[in-house]
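here is the input, now give the coordinates:
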Amino acid sequence: MGYKEQTGLPNGLSMKRARQNRQWTTPAREGPPTRTELVAKLKVSSLRKYVHAFDLDISPNSSKEDLTAAVQRHWASQVIKENEVLFNLAVAFKKSAANGQL
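Numbers count the residues shown, from 1 in each chain. Next up is the predicted model:
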């Protein structure tokens, strides 16, 4: 049995060389996008509007990377009160149903 049959490599190609030539890929992540991925997709104009709307302490002329970091920090600092959100959603849904907007 020759070298190629034993290793699956052509003659003269070492395992080290084969590893160097291998193209590494990362498997696609499944599931919904992360907050970081969502913020990174925003346009600079949207990031600036967010900074202005929430009066974040960063210059609106900052780079996209700086704006993205500021928005991510702000999102991470927000406390979500699930019961309050669900209650407000139910009230809004009930009002819409009463007005025939469903």
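
which residues touch residue 39?
If you count contacts by C-beta atoms under 8 Å, 6 or more residues apart in numbering, residue 39 has them with 47, 68, 71, 72, 75. No exception for glycine: its C-beta is placed from N, CA and C like everyone else's.

sort these by pLDDT and name the bottom one.
Scanning the contacts of residue 39 for pLDDT, the low point is residue 75. It has 89.

for the chain, which segments count as strands?
With strands called from DSSP state E, the chain shows none.

show me where pLDDT drops low in it?
Low-confidence segments of the chain (pLDDT under 70): 1-29, 102.

try 50
By pLDDT under 50, the low-scoring segments of the chain are 1, 3-4, 24.

what's the first-to-last distance across stretch 40-56?
17 Å (C-alpha to C-alpha, to the nearest Å).

okay, buried residues for it please.
42, 47, 48, 50, 51, 56 (16 or more other C-beta atoms under 10 Å).

quick one: contacts for the residue nearest the centre of the chain?
What sits nearest the mean C-alpha location of the chain, by C-alpha atoms, centre = their mean, is residue 37, with 1.4 Å. Under the criterion of C-beta under 8 Å, 6+ apart, residue 37 has no neighbours.

cheers, nothing more for now.
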